[in-house]
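Engineer: Sequence and predicted model, in that order:
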Amino acid sequence: MSTSIKDDSGDVAILTLAVENVFRKLIRLLVGKISLKKLQEMVQVIFVEEAEAMLKQEKPGKNVPLSNLAVITGIDTRTLTSVKAKDSYLKPFHEVKRFLSEITPECSVLDVWESSDTYKDPKTGKPRGLPITGPKPSFESLIGDSNSTRGVTVKSFLQRLQVSNSVIVDKAANRVQMIDKRYTPFGSEAKTENAKIGMAAVGNLVDTIAHNLAAPAEDEKPFYQRGCWTNRLDMQDSEKLRGLINVFLKDTDDKARKILKPFEQDIASHDQVTAGVSMFYFEEKSRT
């Protein structure tokens with residue numbers, strides 16, 4: 001007697017493809033803005049937080065056993081204990097100073113330069129100008145004191161910090177001076193604000209997807225979710241299409257704001273929710 005086992009690899013492949021596409025585009029945006037090490041730390045902590053929250057919803061009022069958490073996360077209990085002990089656990093990452101100061105290797109360099117007595121002027125307490133190379137204190141030794149990554153060079157760090165307008169380099173005098181302790185990953189405040197708005201829209205779309213996936217089981221109506229695009233756009237027509245879509249979206253945005261305005265309460269309270277609609281044009285160029 002033979003038995004057949006349903007092949008679920010198709011569903012797994014669809015999920016894997018979807019996640020890979022989202023992650024690839026997100027990571028493409030984040031390269032140079034956050035290190036892989038810090039991104040991994042963030043993903044690990046958030047994954048455990050969300051897994052624990054899901055298990056608590058299944059059994060309200062009860063503590064979540066580490067063994068159950070290990071099954072759903074695929075992480076051993078020793079690692080889970082370590083993750084839950086982090087100062088960033090159950091706390092927004094943007095409020096964790098240590099995380100922010102180390103979010104990129106460049107940030108780590110500026111943080112040590114600004115905080116370590118070795119690299120501060122003893123009279124002013126401000127970051128001192130440093131020889132680019134040579135014995136401590138130098139920019140070369142600063143890199144070693146602030147980063148554990150091997151294979152990095154003084155030149156590569158100087159280039160990145162110059163682009164962000166964090167330092168002034170005098171190669172002739174073999175000197176480098178910090179002019180701004182802040183490292184701006186997106187290069188300017190305007191780009192940072194655009195990134196903030198865009199990432200909020202991405203997060204809202206994920207909320208819509210999550211609701212619509214759960215809606216049938218919870219006997220709820222799905223949120224409106226549609227998209228339209230073509231895979232056969234001539235690049236010479238893209239500028240004309242952008243213009244037409246921009247006019248359409250501007251008109252639609254004005255109408256949406258008029259619809260939302262009467263529903264917005266004058267005073268904020270904890271029992272309110274965020275609701276709205278996002279509109280944007282997109283193009284994806286072939287990378288082959």
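Structural biologist: Right, received. Where do you want to start? Numbering: from 1, shown residues only.
Engineer: Report the mean per-residue pLDDT for stretch 199-216.
Structural biologist: Stretch 199-216 carries an average pLDDT of 93.
Engineer: Can I get that stretch in CSV, CA atoms only?
Structural biologist: What follows is stretch 199-216, C-alpha atoms only, in CSV (Å, rounded to 0.1, in the frame of the first residue of the first chain):
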residue,chain,number,x,y,z
MET,A,199,9.5,53.7,4.8
ALA,A,200,6.3,54.6,6.6
ALA,A,201,4.4,53.9,3.4
VAL,A,202,6.1,50.5,3.1
GLY,A,203,5.2,49.7,6.7
ASN,A,204,1.6,50.6,6.1
LEU,A,205,1.4,48.4,3.0
VAL,A,206,2.7,45.5,5.0
ASP,A,207,0.0,46.1,7.6
THR,A,208,-2.6,46.0,4.8
ILE,A,209,-1.2,42.7,3.5
ALA,A,210,-1.1,41.2,7.0
HIS,A,211,-4.8,42.2,7.6
ASN,A,212,-5.9,40.8,4.3
LEU,A,213,-4.2,37.5,4.9
ALA,A,214,-5.8,37.1,8.3
ALA,A,215,-9.2,38.6,7.4
PRO,A,216,-10.9,35.3,6.1
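Engineer: Name the spans of the stretch 1-150 of the chain whose pLDDT lies under the cut-off.
Structural biologist: Low-confidence segments of the stretch 1-150 of the chain (pLDDT under 70): 1-8.
Engineer: which residues of it fall in strands?
Structural biologist: 130-131 (DSSP state E, counting those that start in this stretch).
Engineer: Which parts of it are helices?
Structural biologist: Using DSSP state H, counting those that start in this stretch, the helices found in the stretch 1-150 of the chain span residues 9-30, 36-58, 66-73, 77-84, 97-101, 105-115, 139-146.
Engineer: Output these as TSV; include the columns mean neighbour count and distance to residue 169.
Structural biologist: C-beta here means a position set from N, CA and C on the backbone, and glycine is covered the same way. As requested, these are exported to TSV (neighbours: other Cβ atoms under 10 Å; distance: least, Cβ to Cβ, whole Å):
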stretch	mean neighbour count	distance to residue 169
helix 9-30	11	26
helix 36-58	15	26
helix 66-73	15	45
helix 77-84	14	40
helix 97-101	15	22
helix 105-115	21	14
helix 139-146	19	9
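Engineer: Indicate which one of those is closest to residue 251.
Structural biologist: Closest approach to residue 251 among the helices of the stretch 1-150 of the chain is made by helix 9-30 (27.8 Å; Cβ to Cβ).
Engineer: what's that closest one in contact with?
Structural biologist: Around helix 9-30, the neighbours that count as contacts under Cβ atoms under 8 Å, 6 or more residues apart in numbering are 39, 195, 202.
Engineer: Now render these as TSV, adding distance to residue 254.
Structural biologist: Below are the contacts of helix 9-30 laid out as TSV (distance: Cβ to Cβ, whole Å):
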residue	distance to residue 254
39	38
195	25
202	23
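Engineer: coming back round to it: so which of the helices of the stretch 1-150 of the chain is nearest residue 247?
Structural biologist: helix 9-30 (26.4 Å).
Engineer: CA atoms of that closest one as PDB?
Structural biologist: Only the C-alpha atoms of helix 9-30 are listed here, as PDB (Å, rounded to 0.1, in the frame of the first residue of the first chain):
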ATOM      1  CA  SER A   9       7.200  23.200  -2.000                       C
ATOM      2  CA  GLY A  10       5.200  25.400  -4.300                       C
ATOM      3  CA  ASP A  11       3.700  27.500  -1.500                       C
ATOM      4  CA  VAL A  12       7.100  27.700   0.200                       C
ATOM      5  CA  ALA A  13       8.700  28.800  -3.000                       C
ATOM      6  CA  ILE A  14       6.100  31.600  -3.500                       C
ATOM      7  CA  LEU A  15       6.600  32.800   0.000                       C
ATOM      8  CA  THR A  16      10.400  32.700  -0.400                       C
ATOM      9  CA  LEU A  17      10.200  34.600  -3.700                       C
ATOM     10  CA  ALA A  18       8.000  37.300  -2.200                       C
ATOM     11  CA  VAL A  19      10.200  37.700   0.900                       C
ATOM     12  CA  GLU A  20      13.400  37.700  -1.200                       C
ATOM     13  CA  ASN A  21      12.000  40.400  -3.500                       C
ATOM     14  CA  VAL A  22      11.000  42.600  -0.600                       C
ATOM     15  CA  PHE A  23      14.300  42.100   1.300                       C
ATOM     16  CA  ARG A  24      16.400  42.600  -1.800                       C
ATOM     17  CA  LYS A  25      14.800  46.000  -2.600                       C
ATOM     18  CA  LEU A  26      15.000  47.100   1.100                       C
ATOM     19  CA  ILE A  27      18.600  46.000   1.500                       C
ATOM     20  CA  ARG A  28      19.500  47.800  -1.800                       C
ATOM     21  CA  LEU A  29      18.200  51.000  -0.100                       C
ATOM     22  CA  LEU A  30      20.000  50.300   3.200                       C
END
